[in-house]
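>>> here is the input, now give the coordinates:
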Amino acid sequence: MLRKIVFLSAILASFVLLAGSLGCGSLPQGGGSGSAASSSQAVPELTKEIIEERINDAGISEVPPESGTGEPISWRFDDDEPKEIVVVDQQMDGSKATLILDIKTQSAPRSSNLRVLSGQIRTDWRLETGWVLRRWEIVETENISMKYRDLPKVPSPSPVR
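Next up is the predicted model:
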């Protein structure tokens, strides 16, 4: 029993010392604002690399055909498909952003329905903050002018006899 009390007392004392030391740090040099503190709160840049990575698995609905005849489709961007992305407009507001993207893409090479898509979409982004990570995520997409075109099916080679 005495061992448990000593052990719990040691843990409690360690906790109190740790908690007390967190509040007793000195201010960083260079005035009270602290460049180290402010840089950790700075909003990370929304770079082309981040946009190209995060667009994967985002989707858009109601994509009409180029021809004007046929049914609209929904499209989910995939890692395997080639994409050309140009940022047309970017509006940042703290931890939120709205980007207009001009995208040209097509189905992955082994897809059953081969299609080409091109046009503009609006993407709304939010800076997600976790315990350690802060990363931009797409929270909404809207089709502005993206359209699709079906590509002709390539006949599969007949087996050699």
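>>> and the lengthiest strand in the chain, what's its mean pLDDT?
Secondary structure of the chain per DSSP state E: the longest strand is strand 115-129. Across strand 115-129, the average pLDDT comes to 94.
>>> can you name the next helix or strand after the helix-or-strand element of the chain with minimal mean pLDDT?
When each helix and strand of the chain is scored by mean pLDDT, DSSP states H and E, helix 35-41 comes last, with a mean of 49. Beyond helix 35-41 on the C-terminal side, the first helix or strand identified by DSSP states H and E is helix 48-54.
>>> quick one, the helix or strand that that next one is followed by and strand 115-129 angle?
Using DSSP H and E, the next helix or strand after helix 48-54 towards the C-terminus is strand 59-63. Counting by axes from the mean of the first three to the mean of the last three CA atoms, to 10 degrees, strand 59-63 lies at 140 degrees to strand 115-129.
>>> what pairs with strand 59-63, parallel or antiparallel?
Strand 59-63 pairs in its sheet with strand 73-76 (antiparallel), by DSSP bridges.
>>> what's the partner strand in contact with?
57-63, 115, 117, 146, 148 (CB atoms under 8 Å, 6 or more residues apart in numbering). Glycine gets a C-beta too; all of them are placed from N, C-alpha and C.
>>> of the residues you listed, the lowest pLDDT goes to which?
Out of the contacts of strand 73-76, that is Asp57, at 86.
>>> need the contact list for Asp78.
56-57, 108.
>>> what about 7 Å?
56, 108 (CB atoms under 7 Å, 6 or more residues apart in numbering).
>>> I figured Thr98 hits Asp124, correct?
Yes - under the criterion of CB atoms under 7 Å, Thr98 makes contact with Asp124 at 5.5 Å.
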